[in-house]
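>>> take this sequence and fold it.
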Amino acid sequence: MPECIHGLEIPLCDACYPKIQPEKPVPVRATRASGARTARVAGVRTSRKSIDPAQQRVYHVTHISNLESILDLDALSVNVPPTLDVSTELTRELRQTAEVSADRPVAGFVPFYLAPSATHWDDLRRGAEDETRWSAAARAAASVDFVVLVTTVASLGTEAIVTDGDAAASFTRFTTGDEITAALTKLHDSETLDAAEVLAWESVPFEAIQLIGVANDRVRDRVRELTSTKVAVYPPWFQAEV
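Residues are numbered from 1 along each chain as shown. Below is the predicted model:
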């Protein structure tokens, strides 16, 4: 597939090929019935087509210092402690006690985001100010020293799980199997896409990673010394949302 100047496939690059912003819903005034109050019902935006798990990209963010151990293992694994852990002990405890199903805690899954604008990733690149969620190492790290590992929902296997929010939150719902397409489509029609996660049980083989996004040429050159996986420089992924 053709690539843009940033090394990304043309449909992926928002800088060279910006997506058309959807129109804001227009409030619709309900007809006044006899003796009834006037109500306002907001229009609902719907997807034109279902979201294909084989095409839906997912993003795993990690510090570059963790990449070498990932490559040594040839997998992203929850069983290998990261060299630089961005989470606090409280965050790890919450994910350990929250269960996706019996004997399957959230902490037992490798997490991915559904968008490079994900809420937690944006918090992290803004400076990781929440001391209850982010470690001191996270606050000391620069956003440009992280890498984004990109694959698709389908590449995570048939047991992949889609959440509609923070996987450790009390009221988050989990979807798997044949319901994933509907869940992804619904998320794209909602305001919660950036908060959602996709979870893969225990480990993901590194061969599933299709692209590594980096912030600048310096990091690109360093990553290329470690792996032959495609590397693309794409600064917008590492800048805080305005």
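>>> drop to CA atoms for contacts and neighbour counts, all remaining ones
Will do.
>>> quick one, strands of the chain?
Remark: strands assigned in the chain by DSSP state E are 28-29, 40-41, 57-63, 75-77, 99-101, 104-105, 109-113, 146-152, 161-163, 174-176, 197-201, 203-205, 211-214, 231-233.
>>> now these as TSV including mean neighbour count and mean pLDDT?
Shown next, in TSV, are these (neighbours: other Cα atoms under 10 Å; pLDDT from 0 to 100):
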stretch	mean neighbour count	mean pLDDT
strand 28-29	11	40
strand 40-41	11	29
strand 57-63	21	98
strand 75-77	21	98
strand 99-101	16	92
strand 104-105	16	94
strand 109-113	24	98
strand 146-152	22	98
strand 161-163	26	97
strand 174-176	18	95
strand 197-201	24	97
strand 203-205	18	98
strand 211-214	23	98
strand 231-233	21	97
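>>> Asp221: neighbour count?
Neighbours of Asp221 under the rule other Cα atoms under 10 Å: 12.
>>> mind starting the numbering at 22 from now?
Done: numbering now begins at 22, and the last item shifts to Asp242.
>>> what's the spacing between it and Lys251?
Going from Asp242 to Lys251 by Cα to Cα, to the nearest Å gives 12 Å.
>>> how much space between the residue positioned nearest the centre of the chain and Glu152?
Note on the chain: the residue nearest the mean C-alpha position is Tyr134, at 1.2 Å, using Cα atoms, centre = their mean. From Tyr134 over to Glu152 the distance is 21 Å, taken as Cα to Cα.
>>> Asp95 too?
Asp95 is 32 Å from Glu152, by Cα to Cα.
>>> same thing with Ala253?
As defined by Cα to Cα, Ala253 lies at a distance of 31 Å from Glu152.
>>> circling back to that earlier point, who's in contact with the residue nearest to the centre of the chain?
The contact partners of Tyr134, by Cα atoms under 8 Å, 6 or more residues apart in numbering, come to 79-81, 215-219.
>>> ok, those residues vs Asn87, which is closest?
His81 (12.0 Å; Cα to Cα).
>>> wait, the closest one sits on Pro132?
Yes: because the distance of 6.6 Å satisfies Cα atoms under 8 Å, His81 is recorded as touching Pro132.
>>> I'd say Ile182 and Thr197 touch.
Yes: with contact defined as Cα under 8 Å, Ile182 counts as touching Thr197 (4.8 Å).
>>> pLDDT weak spots in the protein?
22-69, 263 (pLDDT under 70).
>>> quick one: the helices in it?
88-94, 110-118, 140-146, 157-161, 201-209, 238-245 (DSSP state H).
>>> output these as TSV; include the columns distance to Thr193.
Formatted as TSV, the helices of the chain follow (distance: least, Cα to Cα, whole Å):
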stretch	distance to Thr193
helix 88-94	29
helix 110-118	12
helix 140-146	15
helix 157-161	25
helix 201-209	13
helix 238-245	35
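>>> so which of these gets nearest Pro74?
Pro74 sits nearest to helix 201-209 of all those, at 6.3 Å, using Cα to Cα.
>>> chain center to the closest one, what's the gap?
14 Å (Cα atoms, centre = their mean, to the nearest Å).
>>> helices or strands next to that helix in the packing?
In terms of contacts (3 or more Cα pairs under 8 Å, 6 or more residues apart in numbering; DSSP states H and E), helix 201-209 is packed against strand 182-184.
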